[in-house]
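this is the structure alone, sequence omitted:
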Ligand SMILES: Nc1ncnc2c1ncn2[C@@H]1O[C@H](COP(=O)(O)OP(=O)(O)OP(=O)(O)O)[C@@H](O)[C@H]1O
C-alpha cells in the first residue's frame with residue numbers, strides 16, 4: 001500500500017503553447033486521511049496542478065504518484081495490484097471534479113433525478129447514495145431541466161461522489177451551492193477522510209467555513225509552492241479581535257510566532273472574519289434544515 005495519498009517531487013509543467021511553466025518545482029506529500037486546501041490567485045497554477053494529479057496532462061518532468069501509481073498509467077485506474085479490473089472493485093483511485101465536469105450536458109436534460117442516479121449505479125452504492133441525497137438535500141422526484149443552477153450542482157455532486165475514491169480532487173465546484181449545502185458537503189468530506197482511507201485536495205477561492213476544515217494548506221504563487229501549513233504544528237487560532245472607536249470588530253493580520261507548546265515557528269490567525277455563521281443561521285432558519293451529525 002502506498003505510504004502517501006499523493007507524492008510529488010521536482011514537478012515542473014509547461015503547456016506547449018506557453019513560454020513559462022505553469023507549475024514549477026513542486027514538492028508535495030499528502031498523507032492519508034487528510035484534507036488539503038490549495039490557495040492562490042487566478043493563474044497561480046491550482047487547476048494545472050490538480051489536472052496533473054488527475055492524469056489529465058502528461059508530465060515528463062518530475063515524479064507524481066497518486067496512491068503510489070503514476071496517474072497517467074492505465075494501472076492507476078485500478079486498485080493496489082494489476083490483477084484487479086475496474087469492474088471488480090467498488091472504488092476508484094482518483095475522482096477529479098473540475099470546470100469541464102461542471103459543464104457536462106446531461107445535467108440540463110429532461111431527465112428525472114432518480115433515473116439519472118440509477119443510471120450511474122445508485123442501486124450498487126445504495127447507502128452512500130442515500131447519504132449523499134440527504135446531505136445535499138436532493139429530491140429524487142426533481143427533473144433536471146427544471147432545476148436552479150445550485151440544485152443541478154447538488155445532483156451533479158451526488159453523481160460525482162457516488163463511487164468512493166481514494167483521492168478526491170475538487171477544483172472549485174462549490175460556487176453554486178448555498179451555504180448550507182456547501183457546509184454539509186464539507187462536513188461529509190471531513191467525515192469521509194476521518195473514517196476511511198482517502199484524502200481530499202480542494203482548490204477554492206471561497207474561504208467561508210474553512211478555517212478549521214483543512215489539515216494542510218498549500219499556497220501557490222506563479223506556479224510555485226510558497227507556503228505549506230500543517231495544521232497540527234504550523235497554525236493556531238486566537239480570539240483577540242479588537243473593536244475600533246465605532247464599535248466595529250477589527251481582525252489582526254496573521255502573525256508569525258513561536259508556538260509555546262512545540263517551541264517551533266507557527267502562524268497565529270485571528271478567528272475567522274466571515275459572515276458565514278450568520279448566513280448559515282439564516283439559511284438554516286429559511287430551509288428548516290438542521291446540521292445533523294453525519
Ligand atoms: N491550456 C492552457 N494552455 C496554455 N496555458 C495555460 C493553459 N491552462 C492554463 N494555462 C496557464 O497556466 C497558468 C496557471 O493556470 P491555472 O489554470 O492552473 O491557474 P489557477 O490557479 O487554477 O487559476 P484560477 O484561480 O483562475 O482558476 C496561467 O498562467 C494560465 O494562463
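Cool, got the structure. What you are looking at is a predicted structure, and each value in this text was computed from that prediction instead of being measured. Numbers count the residues shown, from 1 in each chain.

and the helices in the protein, which stretches?
Taking DSSP state H as the criterion, the chain carries its helices at 46-53, 99-102, 113-119, 126-135, 149-162, 179-195, 276-287.

tell me which of these sits most buried.
Comparing the helices of the chain on average neighbours per residue, with mean count of other Cβ atoms under 10 Å, the densest one is helix 46-53 at a mean of 23. For the C-beta atoms, the positions are set from N, CA and C on the backbone; glycine is no exception.

rewinding a little: switch the helices of the chain over to CSV; also include distance to the ligand and mean pLDDT.
Listed next are the helices of the chain as CSV, based on distance: least, Cβ to the nearest ligand atom, whole Å; pLDDT from 0 to 100:
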stretch, distance to the ligand, mean pLDDT
helix 46-53, 3, 96
helix 99-102, 8, 80
helix 113-119, 28, 95
helix 126-135, 26, 95
helix 149-162, 17, 94
helix 179-195, 18, 94
helix 276-287, 21, 73
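
need those helices in a markdown table with distance to residue 4, can you?
Converted to a markdown table, the helices of the chain look like this (distance: least, Cβ to Cβ, whole Å):
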| stretch | distance to residue 4 |
| --- | --- |
| helix 46-53 | 12 |
| helix 99-102 | 25 |
| helix 113-119 | 33 |
| helix 126-135 | 25 |
| helix 149-162 | 22 |
| helix 179-195 | 14 |
| helix 276-287 | 31 |
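
for the residue lying closest to residue 58 once chain neighbours are set aside, what are its contacts?
Using Cβ to Cβ, 6 or more residues apart in numbering and skipping residues adjacent in sequence, the residue nearest residue 58 is residue 72, 5.5 Å away. By Cβ atoms under 8 Å, 6 or more residues apart in numbering, the contact set of residue 72 is 55, 58, 59, 64.
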